[in-house]
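>>> This is a predicted model, with the sequence first.
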Amino acid sequence: MTLAGWALAELGLIFAIGSATITTLYLLRMRRREVIVPFAALWDRVTRESESRRLWRKLRRLFSWLFQLLLLALVCLALGDPRPEAWLREPATTAIVIDTSASMAAVGDEDGNTRLELALERARAEVDALGPADRILIIAAGSEVSVPAPITGEAGTLLRAIDEDVAVGPGESDMSRALLLARNALFGRPGARILILSDGALDVPGLAAVGRCTSRAQLEGESRCDVLELGAEHEVGNVAITAFAARRYPSDRDKVEVLIEVQNLGTTPARFELRVTADELPVGGKKLELAPGARVREVLPKLEAARERLVAELVALPGDAESAKSLGPAIDDRAYAVIPPLDPMEIVLVTDGTNLFLEAALLTLDDYVRLSTLPPGEGGAGNELIGTANVVFYDIADSPLPDPLPDTNLVIFDPHRLDKSPVPIPKLKDLAGPRLSEQRKGHPLLEGVVFKDVNMHRGTSFDLAPGDVALVSHLGEPMVALREAEHGMLLIGFDPRSSDLPLRSAFPLLVANAVDYFGMREAGFVAAIPIGASRELVLADFGIPGADVSLLEVTPPDPDPDDELTPEPLRVRAQDGRFRLRALVPGVYTIAIQDGGAEGSVVQVAVNQANAAASNLESRLDEATLPEPSRAGEPPEPAPLTEGPLWTLIMLVVVALIALEWATYHRRKTV
């Protein structure tokens, strides 16, 4: 404590003079008044009462004298204007940058406090230590940077912002923008200081921003930069959904195939259940156990889900505390997927018209294919129908295959009937009266297909290369082969006209499986958009011709469907069928077209955290990024008072004491 007003020697002189004056006045004896009493017995009673109260009268005068000295001492202290040391230093302006990324939801100490709670506790300590001329700025650094409290010295405003407006959000911290904002806000202010409260689980740009902040702090005229690393010594587990997508089966629109990628980012094994729901109704699931650092990609086939939205969740096993602990923060244990409408597949059949069984098998798939037929002479790669086809069937008997073959998915019957064939898988040898004796079990192309006792006149076997798949063989020699590349090629080494296969149920099943298989390869999974940076999206990817679209309305997901509030749609500009979307909340976003030929069209897109780096809870701060001088020390001591000078409070105490003495005097307690 330091005196900012009168010096201690001056106050001592004033107190000495005042004390001497007060003491002199108390030493002067009061002259007794003469009172004539009419009755001697009355005087005797007063004398007896005076004797009993004599001791109290002596002590009362002593207490009264000490009380006056106390008042004098308080007045002298007020003249000295006492102030804490923190108040007499140079004023400081501190920008507190609080990391609110997903990793800050992890437990940070043995008491179960989250890393964010530890950060808020330190921020409150900084506010409690404010001096009269100090100022603080609060910045929340999540996937979106916000300012809960502007630069102010009002402790109430700062504490209210810390308690009400700072919360963990999904995604990673945009530390670069947050520190740039802090630096600009502190420019030219006295005692500038940046305090970063983070767990250190930052992405590469965030680490670089912290490194720039700590290195610039060593330069003259730059803001001081302190970093408090939170929760680094407390190990926690975390399992995250890093990918989630779904697609429909071309042959069965009510069933979907789901792709889910899950990663254990912790240091201990994790046990949990993976659940997939549609409108809160379970449609699939699986129990998983992952070793530390392990990643698994699960494909759940043929789930019954006629709805367009799916939700994947990681759920702790019932009654298993370790399972719940290993999952870590719940923010990355939930993901969303939208199943877009599936357009009919474009199928082209190149045929000489002599095999109506194949055409009939394709026509039975009319609900989900658009079939076009071409004669052999028009089946080349230059044909417009061939260029837009998803799958092309070649059943051309004695006609030659086009050279080169089209760059799309192909199904070719008897490709080596003629000596010169453009098919990339060469012929092994000709077979007379072959029997289909072996077939590959479990392959989707052969689901439900049985080639037992199929009779045929002739056929050819294939000389397979590594990576080619033999689906059906004659005594070990492949007669039905599949080559996987950018586009698939299914080769059937015999002419269906020279066999009884078209008369069997296996034939239409094989055709339907081929369409389904190549349809699944062609459609692909529709990936969700990750949270964070603004991303460019193409309307054509959602099945909307958007060349003339210039305005969209994007409605974010409703964070609380049970309340009556609905999210406000955002108006987004589009150009050349492209627009940019910055998604900050996971869920399903609705995009409504406002103009152009597709006006009124509505599509949906899923947004997920889906980022292993954002779910990694380990600190990545090293000595180069965070040198020892830049590490924040212990929290500051709270200031004794944060509002107004102390001398005003002292004078209020003096006034209160005088009022107390006045009241007791008039009630004849101190007379």
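Yes, it's here.

>>> Give me the below-cutoff pLDDT ranges for the stretch 51-200 of the chain.
Counting by pLDDT under 70, the stretch 51-200 of the chain has low-confidence residues at 51-59, 83-89.

>>> Helices of that one, start to end?
54-80, 85-88, 115-128, 155-164, 175-186 (DSSP state H, counting those that start in this stretch).

>>> element containing Ala360, please.
helix 356-363 (DSSP states H and E).

>>> Could you list the residues in contact with that helix?
347, 349, 351, 369, 371, 373, 393, 395, 413, 496, 502-503, 507-508, 511-512, 515 (CB atoms under 8 Å, 6 or more residues apart in numbering). Placement of C-beta: from N, CA and C, glycine included.

>>> ok, back up a step: let me have the helices of the stretch 51-200 of the chain in CSV, extended by distance to Ala606.
CSV is the format used below for the helices of the stretch 51-200 of the chain (distance: least, CB to CB, whole Å):
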stretch, distance to Ala606
helix 54-80, 67
helix 85-88, 52
helix 115-128, 26
helix 155-164, 30
helix 175-186, 26
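
>>> With respect to Asn383, which of those lies nearest?
helix 175-186 (52.3 Å; CB to CB).

>>> Residues contacting the closest one, please?
By CB under 8 Å, 6+ apart, helix 175-186 touches 93, 95, 97, 99, 137, 139-141, 145, 147, 151, 192-194, 196, 198, 202, 205-206, 208-210, 212-213, 223.

>>> Which positions in that helix come out as buried?
Buried residues in helix 175-186, counted by 16 or more other CB atoms under 10 Å: 175-179, 181-183, 185-186.

>>> In strands, which of the contacts of helix 175-186 fall?
When these are checked against strands (DSSP state E), the matches are 93, 95, 97, 99, 137, 139-141, 145, 147, 151, 192-194, 196, 198.

>>> Throw together a ChimeraX command that grabs the buried residues out of those residues.
To isolate the buried members of these in ChimeraX, using 16+ other CB under 10 Å:
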select :93,95,97,99,137,139,140,141,145,147,192,193,194,196,198
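
>>> any idea which of the ones in strands among the contacts of helix 175-186 is closest to Thr408?
Nearest to Thr408 among the ones in strands among the contacts of helix 175-186, with distances taken as CB to CB, is Val145, at 47.2 Å.

>>> Any idea what the closest one is bridged to?
Ala141 (DSSP bridges).

>>> Tell me how far it lies from Leu74.
Separation of Val145 from Leu74 (CB to CB, to the nearest Å): 49 Å.

>>> before we move on, the earlier item: buried sites along the helix holding Ala360?
Quick answer for helix 356-363 (16+ other CB under 10 Å): 357-359, 361-362.

>>> got it, and stretch 249-259?
Here stretch 249-259 shows 249-251, 256-259 as buried, counting by 16+ other CB under 10 Å.

>>> Just put the residues you listed in JSON lines and tack on secondary structure, distance to Ala20 and pLDDT.
Output for the buried residues of stretch 249-259, formatted as JSON lines (DSSP: H, G, I helix; E, B strand; the rest coil; distance: CB to CB, whole Å; pLDDT from 0 to 100):
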{"residue": "Tyr249", "secondary structure": "strand", "distance to Ala20": "105", "pLDDT": "77"}
{"residue": "Pro250", "secondary structure": "coil", "distance to Ala20": "107", "pLDDT": "72"}
{"residue": "Ser251", "secondary structure": "coil", "distance to Ala20": "110", "pLDDT": "69"}
{"residue": "Val256", "secondary structure": "strand", "distance to Ala20": "98", "pLDDT": "83"}
{"residue": "Glu257", "secondary structure": "strand", "distance to Ala20": "99", "pLDDT": "83"}
{"residue": "Val258", "secondary structure": "strand", "distance to Ala20": "94", "pLDDT": "86"}
{"residue": "Leu259", "secondary structure": "strand", "distance to Ala20": "94", "pLDDT": "86"}
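
>>> Which two of those residues have the greatest separation?
Ser251 and Leu259 (18.7 Å).

>>> which residues in this structure form helices?
Secondary structure of the chain (DSSP state H): helices located at 8-27, 40-52, 54-80, 85-88, 115-128, 155-164, 175-186, 204-216, 321-327, 356-363, 384-388, 506-523, 612-615, 646-666.

>>> name the helices or strands packed onto the last one?
What that stands for is helix 646-666. helix 54-80, strand 82-83 (3 or more CB pairs under 8 Å, 6 or more residues apart in numbering; DSSP states H and E).

>>> Quick check: which of these is buried the most?
strand 82-83 (a mean of 20; mean count of other CB atoms under 10 Å).

>>> show me what contacts Leu310?
Leu310 neighbours (CB under 8 Å, 6+ apart): 244, 246, 256, 258, 276-278, 283, 336-339.

>>> The residue positioned nearest the centre of the chain and Gln609, how far apart?
The chain has Pro170 as the residue nearest its centroid, 1.7 Å off, counting by CA atoms, centre = their mean. Going from Pro170 to Gln609 by CB to CB gives 5 Å.

>>> swap in Ile386?
Distance of Ile386 to Gln609, given as CB to CB: 42 Å.

>>> Which of these two has more residues huddled nearby?
Gln609 (26 against 22; other CB atoms under 10 Å).

>>> check contacts around that one.
If a contact means CB under 8 Å, 6+ apart, then Gln609 has 102, 170-171, 240-241, 331-332, 335, 530-531, 586, 615 as its contacts.

>>> I'd like to know which of those residues are part of strands.
240-241, 335, 530.

>>> Going by distance to Thr24, which of those residues wins?
Of the ones in strands among the contacts of Gln609, the one sitting nearest to Thr24 (CB to CB) turns out to be Ala240, at 83.0 Å.

>>> hey, what's the closest one bridged with?
Counting by DSSP bridges, Ala240 forms beta bridges with Gln263.

>>> tell me the contacts of it?
262-263, 265, 328, 332-333, 609, 612, 615.

>>> And for Ser601?
Counted by CB under 8 Å, 6+ apart, Ser601 has contacts 544, 592-593.

>>> Buried ones among these?
544, 593.

>>> Quote the end-to-end distance of stretch 243-260.
Start and end residues of stretch 243-260 are separated by 5 Å (CA to CA, to the nearest Å).

>>> Actually, stretch 193-209.
16 Å.

>>> related to what we said a few turns ago, save the contacts of Leu310 as JSON lines, and put in distance to Gly108 too.
What follows is the contacts of Leu310, written out as JSON lines (distance: CB to CB, whole Å):
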{"residue": "Phe244", "distance to Gly108": "28"}
{"residue": "Ala246", "distance to Gly108": "36"}
{"residue": "Val256", "distance to Gly108": "39"}
{"residue": "Val258", "distance to Gly108": "34"}
{"residue": "Val276", "distance to Gly108": "32"}
{"residue": "Thr277", "distance to Gly108": "31"}
{"residue": "Ala278", "distance to Gly108": "36"}
{"residue": "Val283", "distance to Gly108": "37"}
{"residue": "Tyr336", "distance to Gly108": "28"}
{"residue": "Ala337", "distance to Gly108": "32"}
{"residue": "Val338", "distance to Gly108": "35"}
{"residue": "Ile339", "distance to Gly108": "39"}
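
>>> Counting neighbours, which of these comes out on top?
Ala337 (28 neighbours).

>>> wait, that one sits on Arg247?
No: the criterion here is CB atoms under 8 Å, and Ala337 misses it with Arg247 at 9.3 Å.

>>> for the nearest residue to Thr354 once chain neighbours are set aside, what are its contacts?
Using CB to CB, 6 or more residues apart in numbering and skipping residues adjacent in sequence, the residue nearest Thr354 is Ala397, 6.1 Å away. Residues near Ala397 by CB under 8 Å, 6+ apart: 352, 354-355, 414, 417, 495, 497.

>>> Columns neighbour count and distance to Leu79 on top of the residues you listed, output as TSV?
Formatted as TSV, these follow (neighbours: other CB atoms under 10 Å; distance: CB to CB, whole Å):
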residue	neighbour count	distance to Leu79
Asp352	13	116
Thr354	11	118
Asn355	19	114
Asp414	24	113
Arg417	18	116
Asp495	20	116
Arg497	17	118
